[in-house]
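Student: build me a model from this:
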Amino acid sequence: MSYSTRPSEAGTAETEQPSSTDQVAPEPRAPGDAGTTASGGPAAAARPQRRRDPFFDNAKYFAILLVVAGHCLANLLNVPMAKGLYIFIYMFHMPLFIVVTGYFSRNWTFAGGKARKLITNVGVPYVVFEIAYSLYDWLAGRNDLEISMLNPYYLTWFLCALFMWRLSTPVWQQIRWPLAVALVFALLSYMSDLGGTFDIHRVIGLLPFYVLGLTLKPHHFELLKRPAARPIGAAVLAAGLGGTYLVMNHMSREWIYWRTPNFGLDVGNFTGTMMRLAMFACACVFVAAFLTLIPRGHHWFSRLGAYTLYAYLLHGFVIRLLDFTGWWGADWMHTPPGVVIVVGCAVVVGTLLCTPPVVRTMRWALEPKMTWVFTPLRRPARSR
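Tutor: Below you'll find the model as predicted:
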C-alpha cells in the first residue's frame, strides 16, 4: 500500500468545502457578491440576477463551523466526550458540503467561461495552498520540504476532488441512473489499492455524495424546510450522537476518512461493502437531519456562508500552529470543560475567517483574476 506520509486526519484531521462551491458553483449571485458572472463580461453583469437563497449560505456557514470544530477535536481524542463528538461530526460534515456542491453543479458545463472559473477558483487555490502548507510544515521543522501536486497535503485534497468531480459532471448528466452507477463505482474502488495519487480513494469514495447533489431538485429541500421536519431532524441527530458514543470504541476511525481500501481495514470485500453502504445511508440521513435545523431566513451570518472556502483553507494554519507550538498538549484542554472551550474557540475562528477583512486580504489566492492566462471567449454565432 502506498499512502502519503503527510499529516492525516487521525492526527490533525483533514476538511471539505466546499465550500469552494461558493466561489465556483453556478448559483446566481446577488449584487455585490464576490466573483463574476458565468461569462464574465459586462453584458452578463447587466442581466438580472436572482437573489441567493440564504438557506444554503446558512447551511454552509454552520457546516464550516463543524469542520473547524472537528479538526480541533482531532487533537483531544483521549477525552471520550471529544472522541464521540469527533466521529459523529466526521460521519456527515464533508458529505454535507459535497451534496450542496453537487446540487449547485447541476447546470455546470464547459461553456460560458465556467471551465475557466474552475481553473481559477479551484485549480489555482489548490496549487497555492499545496505550496503554502508544504512550506509552512517545512519552516516549522516538521518534515523535509516536499511539494507535490500529485499528493494533496492536509486540507487540499478537497480542492483536488472538487476539480475532478466538476470535470465529470457532464458524464453524470447523461446517465440514466447516475447515483447507482457512482455508488457501484465507489464500492468497487475500495476492493483494490489504487495508490495515494490525488488521494484517489477518497475522491472516488465520496463521489456518490456529489452525484446525489446533482440529482436533487429544489422541492427536495423544501421538504426539509417544513416546520414539522425540525423536531424529527433534531431527534435523528440526537440518536446518531448517542449511537456514536456506543460504537466509537468498537470501530476504526479510518472508516470515517473514506480513504482506505477494504484490506487496509482488515476486512473482506463483502464486509467492507456492507459497512460503506451503511455509512453512506447514515451520512445521507444525518445530512438531511442537519438541514432541517438550518434557519431559512437571512441572518447576520448568512453572508459569511458565501465565503466558507476561506475558512476551510485558512483554519488549517491555525490548527497546525497550535500543533507546532505544543499547545494541544495543554492538560486543561484534555478535560470536558476544555473540550467545550476549544469548540467555542473553533466557532469564533471559523466565523472570523469568513469575514470581509479576511476575504479582501486573501482574495488574490482564492479568487484570482487571471484573464491574462486565457484567450478571449468566443461568442456564439447568431443565426439569421
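Student: would you map the helices across the stretch 151-300 of the chain?
Tutor: Using DSSP state H, counting those that start in this stretch, the helices of the stretch 151-300 of the chain run over 157-172, 178-189, 200-205, 207-215, 218-225, 229-247, 269-292.
Student: of all those, which lies closest to Arg378?
Tutor: Across the helices of the stretch 151-300 of the chain, Arg378 has its closest neighbour in helix 157-172 (18.9 Å, C-beta to C-beta). The way it works is simple: take the backbone N, C-alpha and C, and place the C-beta from them, glycine included.
Student: which strands and helices sit next to the closest one?
Tutor: Applying 3 or more C-beta pairs under 8 Å, 6 or more residues apart in numbering; DSSP states H and E, one finds that helix 157-172 makes contact with helix 21-24, helix 80-103, helix 114-118, helix 124-139, helix 178-189, helix 200-205, helix 207-215.
Student: which parts of it are buried?
Tutor: Buried residues in helix 157-172, counted by 16 or more other C-beta atoms under 10 Å: 157-166, 168-169, 172.
Student: distance check, Val184 against Ile256.
Tutor: Note on Val184: its distance to Ile256, by C-beta to C-beta, to the nearest Å, is 21 Å.
Student: looking at these two, which is more packed in?
Tutor: Neighbour totals were compared for Val184 and Ile256, and Ile256 leads with 23 against 13 (other C-beta atoms under 10 Å).
Student: test my guess that the more buried one contacts Phe88.
Tutor: No: in this structure Ile256 lies outside contact range of Phe88 using C-beta atoms under 8 Å: 9.4 Å.
Student: which residues of the stretch 101-250 of the chain score low on pLDDT?
Tutor: Low-confidence segments of the stretch 101-250 of the chain, defined by pLDDT under 70: 112, 141-143.
Student: try it again with 80
Tutor: Counting by pLDDT under 80, the stretch 101-250 of the chain shows low-confidence ranges at 111-112, 141-144.
Student: for Val79, give me phi and psi.
Tutor: Main-chain torsions, Val79, degrees, to the nearest 10: phi -100, psi 120.
Student: neighbours of it, just the number please.
Tutor: 18.
Student: distance of it from Trp327?
Tutor: Distance, Val79 to Trp327, using C-beta to C-beta: 16 Å.
Student: helix/strand/coil for Ala111?
Tutor: State at Ala111, reduced to three classes by DSSP: H, G, I helix; E, B strand; the rest coil: coil.
Student: element containing Gly338?
Tutor: Using DSSP states H and E, Gly338 falls within helix 336-352.
Student: and the helix or strand just after that helix, what's buried?
Tutor: Sequence order places helix 356-366 as the next helix or strand after helix 336-352, per DSSP H and E. Using 16+ other C-beta under 10 Å as the test for burial, helix 356-366 gives 358-359, 362-363, 365-366.
Student: closest one to Leu145 out of those residues, please.
Tutor: Ala365 (20.0 Å).
Student: for Tyr61, which non-adjacent residue is closest in space?
Tutor: Nearest non-adjacent residue to Tyr61, counting by C-beta to C-beta, 6 or more residues apart in numbering: Gly305, 3.8 Å away.
Student: state the number of residues packed around Ala229.
Tutor: By other C-beta under 10 Å, the residues close to Ala229 number 18.
Student: err, Val67, not the other one
Tutor: Counted with other C-beta under 10 Å, residues neighbouring Val67 total 30.
Student: and Phe158, how far is that from Asn58?
Tutor: Look at Phe158 and Asn58: by C-beta to C-beta, they are 21 Å apart.
Student: no wait, Leu246
Tutor: As judged by C-beta to C-beta, Leu246 and Asn58 stand 31 Å apart.
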